[in-house]
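Colleague: based on what follows, work out the 3D shape:
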Amino acid sequence: MSDKELFEKYATICDHRQSRLMDVQETALFMALGDMLRRGAEAADEIERLRADNAALRADAERYRWLVENAKHIPWSKQFPGLNADTGLDAAIDAAIAPAKEQP
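Modeller: I've put the predicted structure just below:
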């Protein structure tokens with residue numbers, strides 16, 4: 001059972017329990033607990049989204065590192081002689097993408 005499913009299950013239990021209570025303080029407690037558990041389910045969704053984003057960013061970084069380390073073995077790299085990690089590949093990439101970042 002995922003974190004989200006677990007949070008939702010206990011939130012539902014709290015909702016059910018609260019509907020059977022007569023005591024105002026107990027009802028308020030279960031309402032608050034149910035709300036907290038629902039927020040936990042939302043947080044679990046956000047954590048999963050961030051984990052997926054992180055995995056995608058790591059894959060991009062690995063591809064970039066591979067390109068930097070193997071640039072001399074890639075045929076298109078001959079179009080840019082002398083450009084490698086030691087001679088400013090990062091600066092060249094930053095300069096190439098800067099105009100796109102400036103456009104709205």
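
Colleague: which is the next helix or strand following the helix or strand encompassing Y64?
Modeller: Y64 belongs to helix 24-70 when assigned by DSSP states H and E. On the C-terminal side of helix 24-70, the closest following helix or strand by DSSP H and E is helix 89-102.

Colleague: list the buried residues in that next one.
Modeller: L89 (16 or more other C-beta atoms under 10 Å). No exception for glycine: its C-beta is placed from N, CA and C like everyone else's.

Colleague: repeat for stretch 27-39
Modeller: For stretch 27-39, burial by neighbour count (16+ other C-beta under 10 Å) applies to 30, 33-34, 37-38.

Colleague: ok, these vs A92, which is closest?
Modeller: Relative to A92, the closest of the buried residues of stretch 27-39 is R38; by C-beta to C-beta it sits at 48.9 Å.

Colleague: shouldn't the closest one be in contact with Y10?
Modeller: No - between R38 and Y10 no contact is recorded; they are 9.6 Å apart, counting by C-beta atoms under 8 Å.

Colleague: show me what the helix holding Y64 is packed up against.
Modeller: Contacts defined by 3 or more C-beta pairs under 8 Å, 6 or more residues apart in numbering; DSSP states H and E place helix 24-70 against helix 3-19.

Colleague: low-scoring stretches of this protein, by residue?
Modeller: Applying pLDDT under 70 to the chain picks out residues 16-24, 71-88, 104.

Colleague: what about 80?
Modeller: In the predicted model of the chain, residues 1-31, 67-96, 100-101, 103-104 satisfy pLDDT under 80.

Colleague: residues in contact with the spatially most central residue of the chain?
Modeller: Centroid-nearest residue in the chain, with C-alpha atoms, centre = their mean: L50, separated by 1.6 Å. For L50, the contact set (C-beta atoms under 8 Å, 6 or more residues apart in numbering) is empty.
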